[in-house]
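Asks: A structural model of the following input is requested.
(one chain, ligands or ions: 1)
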Amino acid sequence: MTKPLLDLIRQQKIPGAPPVWLMRQAGRYLPEYRRVRAEAGGFLDLCYSPELAEEVTLQPIRRYGFDASIVFADILLVPHALGQKLWFETGEGPRLEPISCTSDLSLKGARAHLAPISETLSRLTKSLPASTTLIGFAGAPWTVATYMVAGRGTPDQAPARELARTEPEKFQEIIDMLVDATVDYLAEQISAGADVVQLFESWAASLQGEAFDRWCIKPVQAIISSLRAKGFDTPVIGFPRGAQGPLENYVRRTQCDVLALDTNANRQEVSSACGPEVVLQGNLDPQILVAGGEELDAAIDVILEDFANRRFIFNLGHGILPETPPEHVAQLMARVRKAS
Ligand code: 1CP
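Replies: The predicted structure is shown next:
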């Protein structure tokens with residue numbers, strides 16, 4: 001049995017209907033997720049319970065038959081594994097005890113701390129349909145560091161940008177530690193069965209020029225080259241959301257295999273700038289998925305047309321919104337699968 005999404009990345013063939021999955025395809029828009037989440041107690045309990053995390057990972061696959069499944073976890077488990085305090089405020093989101101250097105952090109216990117996520121992946125290799133590609137993931141270092149330094153999500157990432165500007169050596173130590181932890185974490189995920197891994201750079205937009213190069217490109221480049229040096233040829237999806245510079249430059253420098261486009265990326269421009277060896281992923285506006293109806297069908301058709309002559313993976317430009325009606329996801333699947 002072959003895996004259409006993995007095959008698409010590995011081979012140079014353009015298929016009829018593109019493979020499809022959606023960022024945040026497991027989550028609050030699904031009633032069956034909300035039930036398991038309530039049973040688990042807290043969000044972190046869910047992430048660290050392989051049996052429950054396996055179940056919520058499988059839920060959207062059962063419902064919609066996506067071509068890929070992304071392991072249920074969170075990008076903030078890495079700082080947690082390094083020893084930073086992490087908790088989720090109900091209705092608000094993640095909170096960390098802010099740090100400005102690595103002195104209270106350590107790589108030592110990280111692998112053992114993150115072992116439940118590998119266990120979830122290993123269970124999924126047995127429970128997923130044979131045609132479903134299994135995706136592992138981590139946050140890219142800059143994005144994870146923005147949460148570590150601010151202690152929470154911020155609109156402009158000011159605390160991390162400030163630290164990077166005023167104390168670059170200290171900030172570099174945080175980034176270097178994240179690079180090491182992420183290489184180890186992804187290597188464990190691949191060994192446990194991940195076919196592909198995605199690096200989420202959700203806050204690429206707040207850095208420009210040299211800062212973008214130093215804090216976004218170089219760490220991702222270091223992660224990918226370390227994985228290759230360890231003998232892993234697993235495809236890597238890069239997702240520099242809102243990145244200002246030319247995206248073909250990001251691909252060339254980081255050596256990611258797939259470039260995930262955010263909602264605002266210009267498909268035709270990126271498509272002509274990136275060679276045929278680059279697989280693109282994206283980029284339906286999650287708001288249009290909430291809207292549904294003819295507007296959704298039309299938006300899907302434009303994406304299919306823009307990418308018709310190249311290898312691409314259908315996805316959203318960012319995660320599914322919690323208010324998304326589940327039947328709109330079924331509508332999307334029917335529309336994308338009908339393409340040929
Ligand atoms: O049940 C709940 O209330 C928790 C909501 C939730 C979920 C379902 C959070 C909290 N994380 C997740 C799972 C998750 N997070 C997955 C796996 C599920 C899937 O995709 O099917 C993944 C890949 C992530 C990645 C993630 N976490 C990112 C990168 C992607 C993105 O959205 O930009 C980021 C920035 C986070 C941090 C985070 N975790 C949760 C929230 C609400 C946030 C954002 C906080 C903020 O910026 O304020």
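
Asks: Please name the residues that touch the closest residue to residue 32 other than its chain neighbours.
Replies: Spatial nearest neighbour of residue 32, chain neighbours left out: residue 59 (5.1 Å); criterion: C-beta to C-beta, 6 or more residues apart in numbering. All C-beta atoms are positioned from the backbone trio N, CA, C, and that covers glycine. Counting by C-beta atoms under 8 Å, 6 or more residues apart in numbering, residue 59 touches 26, 30, 32-33, 36.

Asks: Can you say which helix or strand has residue 59 in it?
Replies: Using DSSP states H and E, residue 59 sits in helix 50-64.

Asks: Return the distance of residue 168 relative to residue 215.
Replies: Counting by C-beta to C-beta, to the nearest Å, the separation of residue 168 from residue 215 is 9 Å.

Asks: Quick check on these two: which one has the bigger neighbour count.
Replies: Counted by other C-beta atoms under 10 Å, residue 168 and residue 215 do not tie: residue 215 has more neighbours, with 27 against 14.

Asks: Surely that one forms part of a helix?
Replies: Yes - Residue 215: assigned to a helix according to DSSP: H, G, I helix; E, B strand; the rest coil.

Asks: how about the helices in the stretch 201-340 of the chain?
Replies: In chain order, the stretch 201-340 of the chain shows helices spanning 209-212, 218-229, 247-254, 267-273, 286-291, 293-306, 326-338, with DSSP state H, counting those that start in this stretch as the criterion.

Asks: Identify whichever of those lies nearest to residue 76.
Replies: Checking the helices of the stretch 201-340 of the chain against residue 76 by C-beta to C-beta gives helix 218-229 as the closest, at 16.8 Å.

Asks: what comes up buried for that closest one?
Replies: Across helix 218-229, burial judged by 16 or more other C-beta atoms under 10 Å covers 218-224, 226-227.

Asks: can you check stretch 325-340 too?
Replies: Quick answer for stretch 325-340 (16+ other C-beta under 10 Å): 328-329, 331-333, 335-336, 339.

Asks: Then stretch 95-113?
Replies: By neighbour count on 16+ other C-beta under 10 Å, the buried set for stretch 95-113 is 95-96, 99-100, 102, 105, 110, 113.

Asks: circling back to that earlier point, out of the helices of the stretch 201-340 of the chain, nearest to the ligand?
Replies: helix 286-291 (10.0 Å; C-beta to the nearest ligand atom).

Asks: Spell out whether the closest one and the ligand are in contact.
Replies: No - Helix 286-291 stays out of contact with the ligand when judged by C-beta under 6 Å from any ligand atom, the minimum separation being 10.0 Å.

Asks: Pull the distance from that helix to the chain's centre.
Replies: Remark: helix 286-291 is offset 19 Å from the chain centroid, using C-alpha atoms, centre = their mean, to the nearest Å.

Asks: Can you work out which other helices and strands pack against that helix?
Replies: helix 293-306, helix 326-338 (3 or more C-beta pairs under 8 Å, 6 or more residues apart in numbering; DSSP states H and E).

Asks: May I see those helices organised as TSV, with mean pLDDT added?
Replies: Shown next, in TSV, are these (pLDDT from 0 to 100):
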stretch	mean pLDDT
helix 293-306	97
helix 326-338	97
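
Asks: Could you dump these into CSV with distance to residue 13 added?
Replies: Listed next are the helices and strands packed on helix 286-291 as CSV, based on distance: least, C-beta to C-beta, whole Å:
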stretch, distance to residue 13
helix 293-306, 17
helix 326-338, 18
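
Asks: Which of those helices sits closest to residue 148?
Replies: Among the helices and strands packed on helix 286-291, the nearest to residue 148 by C-beta to C-beta is helix 326-338 (32.7 Å).

Asks: Skipping adjacent residues, who's closest to residue 18 in space?
Replies: residue 314 (4.8 Å).

Asks: For residue 245, give me the pLDDT.
Replies: On the pLDDT scale, residue 245 is placed at 82.

Asks: That one is in contact with residue 216, isn't it?
Replies: No - checked against C-beta atoms under 8 Å, the pair residue 245 and residue 216 is beyond contact range at 9.2 Å.

Asks: No more questions from me, cheers.
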